[in-house]
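# requesting a structural model of the entry that follows:
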Amino acid sequence: MALEWVVLGYAAGAEAIMVLLLTLPGLDGLRKGLIAVTRNLLKPFLSIVPFCLFLLMDIYWKYENRPSCAADSCTPTEYMRHQKSIMKSQRNALLIAAALLFYWILYSVTALVVKIEQLNQRIERFKSSED
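Prediction:
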């Protein structure tokens, strides 16, 4: 099951890098290419949403079927294993939240950058038609 988390981590990282590149000032020469690449990747990255829901259900199932371990009914080794499992579940839930948040931010930023580019083109056309 570790492969799913690696894939989700790489996808969240790629989304974060794309958001960073789209929002950095001074990359006007590359911006059109970045916008095209990002717009083409938004649809494949949409598969992250059901993938995250599947992983969230996996976390919930593991939580519901985890053996309970009270401090007096378990050995210290079992108690530490139980605590480690809880920590992994919390880390994975944060990774899911980050991946979904980065996708939403990437979608929003891409839409705003495209709108800004369209408005800049309209301004240029208006200025050229005035002259």
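# where's Arg122 relative to Lys115, distance?
As judged by Cβ to Cβ, to the nearest Å, Arg122 and Lys115 stand 11 Å apart. In short, each C-beta sits where N, CA and C put it, glycine included.
# can you tell me what sits against stretch 87-106?
By Cβ atoms under 8 Å, 6 or more residues apart in numbering, the list of residues contacting stretch 87-106 from outside reads 5, 8-9, 11-12, 15-16, 18-19, 22, 38, 42, 45-46, 48-49, 52, 55-56, 59, 62-63.
# and those, which of them are buried?
With neighbours counted by 16 or more other Cβ atoms under 10 Å, the contacts of stretch 87-106 contain buried members at 8, 11-12, 15-16, 18-19, 22, 38, 42, 45, 48, 52, 55.
# out of these, which are inside helices?
Where the buried ones among the contacts of stretch 87-106 overlap with helices, as defined by DSSP state H, the overlap consists of 8, 11-12, 15-16, 18-19, 22, 38, 42, 45, 48, 52, 55.
# max pairwise distance over the buried ones among the contacts of stretch 87-106: which two?
When Cβ to Cβ is used, the two most widely separated members of the buried ones among the contacts of stretch 87-106 are Leu22 and Leu55, lying 26.4 Å apart.
# ok so, going back, would you mind giving the buried ones among the contacts of stretch 87-106 as TSV with pLDDT and distance to Leu95 added?
Putting these into TSV (pLDDT from 0 to 100; distance: Cβ to Cβ, whole Å) gives the following:
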residue	pLDDT	distance to Leu95
Leu8	90	6
Ala11	91	10
Ala12	92	7
Glu15	92	12
Ala16	93	12
Met18	92	18
Val19	92	17
Leu22	89	22
Thr38	91	22
Leu42	89	20
Phe45	88	15
Ile48	91	11
Cys52	92	9
Leu55	90	8
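# spatially central residue in the chain, please.
Within the chain, one residue has its C-alpha closest to the average C-alpha position: by Cα atoms, centre = their mean, that is Ala99, at 2.3 Å.
# distance of that one from Glu130?
47 Å.
# cool, and Ile17?
For Ile17, the distance to Glu130 - Cβ to Cβ - is 40 Å.
# what about the two, which has more around it?
Shown here are Ile17 and Glu130; by other Cβ atoms under 10 Å, Ile17 has more neighbours (12 against 6).
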